[in-house]
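# Sharing a model prediction with you, sequence too.
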Amino acid sequence: MKGVLWYQAKDVRVEEIPEPQVKEGTVKIKVKWAGICGSDLHEYLVGPIFIPVEEPHPLTKDKAPIVLGHEFSGEVTEIGEGVTQVAVGDRVAVEPIYACGECVACRAGHYNVCEQLGFHGLAGGGGGFAEYTVVNENMVHKLPDNMSYEQGALVEPAAVALHAVRQSKFKPGDTAAVFGTGPIGLLTIQALKAAGASKVFVVDLSEERRNLARKIGADVILNPAEVDAVQEIKRLTNDLGVEVSFDAAGVEPTLNGAIQSTRFDGQVVIISIWEATASIPPNELVLKERDMIGVLAYRNIFPSVIKLISQGQMKAEDLITKKIMIDDIVQEGFEALVNDKSHVKILVKPRED
């Protein structure tokens, strides 16, 4: 079967690889659609970040080259002994987290910050950029009949956004700002509106993405090349700032903008994965008693996300700007995302049905 293997930064190859086999407690999935994530793009450009290279991952026992792809949906084609949660023919999305289940974080229920955390499609064990993959039963979530496989492939990034909102201090009726309108930023806008935000401000340089942010429900769209976004947010919030701001861009100017646009006793939420360090003025937090948190991935939230998408409260499919076949993933996928900022979410089809 075909699979997309990461060897090193700028070296991703579509190759013939062995078809995986089920074992006890696992589920085999024929992948229907898989999304290219910002994390995949980071790995392509400057990795390794999450990918194990020198030593095998402690849970998968794999190291590069590994199969990429952790945002995906598909059809169950085979189940291993002892599997009871799904059956052959079920339509599913996959929660691609590997967790040890034994560390302090896992025992506290925070499996998304496991000491040995890994992701299917980044840490080995297979991935969604392949015709078939095999995952543990607990990673599989059924899709309702009214959800498409394309929507199913977007459950994972939507879960990141909803988890960020739920972990924050945000309350219905609050104002919020989102800095960065990549897929996670755009989905955070939708999650905020679904959660009852009274006004969502969005800051981004890309005209195409600002337009998409407006389409999916953002209230105020700001181009930081044309206006002082921080001052404009303050002006429109009685000189206070928003209750909660979200950095979904992962660069120093957006992080500092998120801090400065937040009111006293407000909160800054960092969703982005960073390629470099950043400098912040601590007094911007201290003198206003703002707090700042980081959030990673998701936990115990896939059923809620599937419900929101199936009911139309999160229109994740609006983010899809292109669909491609697996053979074209490097030029029409990764390189397209690098060179054409009009693209937001590119979906990959591993095989013709």
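Sure, I can see it.
# Would you map out the domains in this structure?
Listed by automatic domain parsing, the domain ranges of the chain are 2-157+298-349, 169-294.
# possible to save those domains as a markdown table with mean pLDDT?
Output for those, formatted as a markdown table (pLDDT from 0 to 100):
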| stretch | mean pLDDT |
| --- | --- |
| domain 2-157+298-349 | 97 |
| domain 169-294 | 96 |
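# Which one, of the ones you listed, ends up nearest to His163?
The closest of the domains of the chain to His163 is domain 2-157+298-349. By CB to CB, the value is 4.0 Å. For glycine as for every other residue, the C-beta is placed from the backbone atoms N, C-alpha and C.
# Would you mind measuring the gap between the ends of the closest one?
11 Å (CA to CA, to the nearest Å).
# Pull the distance from that domain to the chain's centre.
10 Å (CA atoms, centre = their mean, to the nearest Å).
# Make JSON lines out of the domains of the chain and add distance to His163 and mean neighbour count.
JSON lines is the format used below for these (distance: least, CB to CB, whole Å; neighbours: other CB atoms under 10 Å):
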{"stretch": "domain 2-157+298-349", "distance to His163": "4", "mean neighbour count": "19"}
{"stretch": "domain 169-294", "distance to His163": "9", "mean neighbour count": "20"}
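# ok, the closest residue to Thr254 other than its chain neighbours - contacts?
In space, and not counting its chain neighbours, Thr254 is closest to Phe179: 4.1 Å by CB to CB, 6 or more residues apart in numbering. By CB atoms under 8 Å, 6 or more residues apart in numbering, the contact set of Phe179 is 185, 203-204, 245-249, 254-255, 257-258.
# of the residues you listed, closest to Asp174?
Ser245 (10.9 Å).
# what lines up beside the strand or helix carrying the closest one in the sheet?
Taking DSSP states H and E as the definition, Ser245 sits inside strand 242-247. Using DSSP bridges, the strands paired with strand 242-247 are strand 175-179 (parallel), strand 262-270 (parallel).
# gap between that strand and the chain center?
Taking the mean of its C-alpha atoms, strand 242-247 sits 18 Å from the chain's own mean (CA atoms, centre = their mean).
# do stretch 184-192 as well
Using CA atoms, centre = their mean, the offset of stretch 184-192 from its chain centre is 11 Å.
# Need the residues that contact it.
38, 154, 157-158, 160-162, 164-165, 170, 176, 178-179, 181, 200, 202, 204, 209, 212-213, 216-218, 246, 248-249, 271-272, 313-316, 319, 344.
# Report the separation between Lys30 and Gly127.
Lys30 sits at a distance of 14 Å from Gly127 (criterion: CB to CB, to the nearest Å).
# Hmm, I typed the wrong one, I wanted Gly69.
Using CB to CB, Gly69 is found at 4 Å from Gly127.
# where's the residue positioned nearest the centre of the chain, which helix or strand?
Taking CA atoms, centre = their mean, the centroid of the chain lies closest to Pro157, which sits 3.2 Å from it. Following DSSP H and E, one finds Pro157 within helix 155-167.
# how far is that helix from where the chain is centred?
8 Å.
# just to revisit the earlier point, tabulate the strands paired with strand 242-247 (JSON lines), appending distance to Ile324.
Listed next are the strands paired with strand 242-247 as JSON lines, based on distance: least, CB to CB, whole Å:
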{"stretch": "strand 175-179", "distance to Ile324": "27"}
{"stretch": "strand 262-270", "distance to Ile324": "31"}
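# Which one, of those, ends up nearest to Tyr111?
Judging the strands paired with strand 242-247 by CB to CB, what sits closest to Tyr111 is strand 262-270, at 20.0 Å.
# Need the contact partners of that closest one.
For strand 262-270, contacts defined as CB under 8 Å, 6+ apart pick out 164, 167-170, 177, 237, 240-247, 255, 258-259, 288-295.
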